[in-house]
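**Q** what would the 3D arrangement of this be:
(2 chains)
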Number of protein chains: 2
Amino acid sequence: MIEITPLTGIGEVRPGDDLAALLLAAMQRCGMECHHDDVLVVTQKIVSKAQGRFVVLDDVVPGQEAQRLAAITRKDARLVQLVLDESTAILRAVPHVLIARHRLGHVMANAGIDRSNIGAGNGDRALLLPVDPDGTAALLHRQLDMPVVISDSFGRPWRMGVVAVAIGAAGLPALDDRRGEMDRDGRTLEVTQIALGDIIATAACLATGEGAEGIPAAVIRGYPLRGMARPAADLVRPVHEDLFA
Amino acid sequence: MIEITPLTGIGEVRPGDDLAALLLAAMQRCGMECHHDDVLVVTQKIVSKAQGRFVVLDDVVPGQEAQRLAAITRKDARLVQLVLDESTAILRAVPHVLIARHRLGHVMANAGIDRSNIGAGNGDRALLLPVDPDGTAALLHRQLDMPVVISDSFGRPWRMGVVAVAIGAAGLPALDDRRGEMDRDGRTLEVTQIALGDIIATAACLATGEGAEGIPAAVIRGYPLRGMARPAADLVRPVHEDLFA
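**A** Alright, predicted model coming up:
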């Protein structure tokens, strides 16, 4: 059986906060110990907040390209400038939609920049993705001695609604390569690479919620981890293999 | 806390089998009762098998378009013909990749047609998606008095590896619309539609496995369902809204 426990009571995270200490305290409050075969899932938002990745929108001066895209997408030109600053390519710009390839490789609406749940009185602030979420996951993994996934909400082409994906991972195979394994009938498996990081990030949503609940972390117990650890960067399809670039 | 329990021991499902009876027996063996607030997740494969959705590849005569796409994708022309028969549009055809819009609306590699884990001695058979997975979910929901999701493996653009999605759902909001809700700071939420069916299907993978394990169902307990039931069809983005058609 798999158990997913929300880590409640973490409260508002502030720039400079010690995330490992906050998460450890939350696990203790929730009656969890650090088990090296549990997986700790941390939502992007508190990682970004601890890193102080806030930008005051009034400080952003939109350039010509940002103004052009803002007119197309009907978005705040300052936000569009941030998206341009954070990304390496714009994939789609239509009314209300701006899809970019973030410099980390992930293809996301608004390059993952967030304006909700970023703390009271922040109407004119935006929150960027963490600087190096795989690095943060690796640090938390060392500090807490358990596998770590940093999750974020993602929309998808062709499908309605958001799910979660892993933008950081350490201590587990974010991409679980089963190539060469046989199915029960002795045929080579057709599905051979499992997006385990994304699966874990999405499963954690059931405990943290994707809505207004604001629970920023969860622990997943009972999944039999195996295979070589691989970071969330391995979940990004190389651009030259991509069919929809 | 969320609990996800694999339903083991279901064994090979055959055309005409009574899925509700098989699933009920499995739940009883696993010490689960039907709870009307648990969610039963059933993988596509056993639904298709119970419906006898096998096709003998030697019976398929590939037409001209199938042969053309087979040459491009380096796939079996008979399989490509089945993909054409099952879909309303081909979105991408490149070596080893054939992405189609299934007649149910879902955009999937090979229109969801499966050649692995379909039973011994079936090297020359393929397994199509269920005829009406939302209808099957609704039937199981009535028979078992619990919400039901029918899941399938999906690849995604831009990301490596597969996750799961819901191709059938009943008794729960497969698309959970939170538009109008506020975040903790009183701002309207930016993320307002949750792909709950896909999230539940993906979470169940942690118990069923996506690999060779062959566990075809799981029960998710502890998720606070709310809102109006909506089928998995609501997870399909309308073609006119799609940016990547």
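**Q** for the closest residue to residue A:198 other than its chain neighbours, give the beta-bridge partners.
**A** Setting aside the residues directly before and after it, residue A:198 is nearest to residue A:165 in space (Cβ to Cβ, 6 or more residues apart in numbering or on different chains), at 4.5 Å. Using the backbone N, CA and C atoms, a C-beta is placed for each residue, glycine as well. Judged by DSSP bridges, the bridge partners of residue A:165 are residue A:152.
**Q** okay, residue A:165 and residue A:88: tell me how far apart.
**A** 18 Å (Cβ to Cβ, to the nearest Å).
**Q** again, but for residue A:24
**A** The value you get for residue A:24 to residue A:88, if Cβ to Cβ is used, is 36 Å.
**Q** do the helix-or-strand element of chain A with minimal mean pLDDT and chain B meet?
**A** In chain A, the helix or strand scored least confidently by mean pLDDT, DSSP states H and E is strand A:176-177, which has a mean of 90. Yes - contact of strand A:176-177 with chain B (Cβ under 8 Å from any Cβ of the partner chain) involves residue A:176.
**Q** show me what contacts residue A:15?
**A** Contact analysis of residue A:15 by Cβ atoms under 8 Å, 6 or more residues apart in numbering or on different chains lists A:49, A:50, A:51, A:52, A:54.
**Q** state the pair within those residues that is farthest apart.
**A** A:50 and A:54 (11.2 Å; Cβ to Cβ).
**Q** the two: which has the busier surroundings?
**A** Neighbour count, other Cβ atoms under 10 Å in any protein chain shown: between residue A:50 and residue A:54, residue A:50 has more, with 20 against 15.
**Q** pretty sure the more buried one is touching residue A:20, no?
**A** No - at 9.9 Å, residue A:50 does not count as touching residue A:20 under the criterion of Cβ atoms under 8 Å.
**Q** now the helices for chain A?
**A** Taking DSSP state H to define them, one finds helices in chain A at A:19-29, A:44-50, A:64-73, A:77-86, A:133-144, A:196-208.
**Q** need the winner for burial among these.
**A** helix A:196-208 (a mean of 29; mean count of other Cβ atoms under 10 Å in any protein chain shown).
**Q** return the per-residue confidence for the nearest residue to residue A:151 once chain neighbours are set aside.
**A** Nearest non-adjacent residue to residue A:151, counting by Cβ to Cβ, 6+ apart: residue A:201, 3.6 Å away. As predicted, residue A:201 sits at a pLDDT of 98.
**Q** got it, and residue A:16?
**A** In this model, residue A:16 carries a pLDDT of 96.
**Q** and it, what are its phi and psi?
**A** phi 90, psi -10 (degrees, to the nearest 10).
**Q** any idea how far the closest residue to residue A:86 other than its chain neighbours lies from residue A:241?
**A** Spatially, and ignoring its direct neighbours in sequence, residue A:86 is nearest to residue A:111 (4.2 Å; Cβ to Cβ, 6+ apart). Distance, residue A:111 to residue A:241, using Cβ to Cβ: 21 Å.
**Q** show me how chain A divides into domains.
**A** A:1-52+A:130-237, A:54-129 (automatic domain parsing).
**Q** could I get the ones you listed as CSV with distance to residue B:230?
**A** Listed next are the domains of chain A as CSV, based on distance: least, Cβ to Cβ, whole Å:
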stretch, distance to residue B:230
domain A:1-52+A:130-237, 10
domain A:54-129, 22
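**Q** highest mean neighbour count out of the ones you listed?
**A** domain A:1-52+A:130-237 (a mean of 21).
**Q** how far does that one sit from its chain's centre?
**A** With Cα atoms, centre = their mean, to the nearest Å as the basis, domain A:1-52+A:130-237 stands 8 Å off its chain's centre.
**Q** and it, end to end?
**A** 31 Å (Cα to Cα, to the nearest Å).
**Q** does stretch A:220-236 reach chain B?
**A** Yes - using Cβ under 8 Å from any Cβ, stretch A:220-236 reaches chain B at A:220, A:223, A:234, A:235, A:236.
**Q** pretty sure the second one sits against residue A:35.
**A** No - because the distance of 11.5 Å does not satisfy Cβ under 8 Å, residue A:223 is recorded as not touching residue A:35.
**Q** sorry, back to before: so which of the contacts of residue A:15 comes closest to residue B:130?
**A** residue A:49 (44.1 Å).
**Q** spatially nearest residue to residue A:147, not counting backbone neighbours?
**A** residue A:171 (3.4 Å).
**Q** what of residue A:124?
**A** Residue A:124 sits nearest to residue A:57 (Cβ to Cβ, 6+ apart), 4.8 Å away.
**Q** what about that neighbour, distance to residue A:78?
**A** 5 Å.
**Q** what does residue A:56 give?
**A** Residue A:56 is 9 Å from residue A:78, by Cβ to Cβ.
**Q** check residue A:225 too.
**A** Counting by Cβ to Cβ - residue A:225 and residue A:78 are separated by 42 Å.
**Q** do the same with residue A:60
**A** Counting by Cβ to Cβ - residue A:60 and residue A:78 are separated by 4 Å.
**Q** which stretches of chain A have low pLDDT?
**A** A:116-123, A:180-191, A:210-213, A:243-245 (pLDDT under 70).
**Q** adding distance to chain B, write the contacts of residue A:15 out as CSV.
**A** Shown next, in CSV, are these (distance: Cβ to the nearest Cβ, whole Å):
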residue, distance to chain B
A:49, 13
A:50, 17
A:51, 19
A:52, 18
A:54, 13
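**Q** and those residues as JSON lines, adding distance to residue A:159?
**A** Converted to JSON lines, those look like this (distance: Cβ to Cβ, whole Å):
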{"residue": "A:49", "distance to residue A:159": "29"}
{"residue": "A:50", "distance to residue A:159": "31"}
{"residue": "A:51", "distance to residue A:159": "31"}
{"residue": "A:52", "distance to residue A:159": "34"}
{"residue": "A:54", "distance to residue A:159": "31"}
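**Q** all set, thanks.
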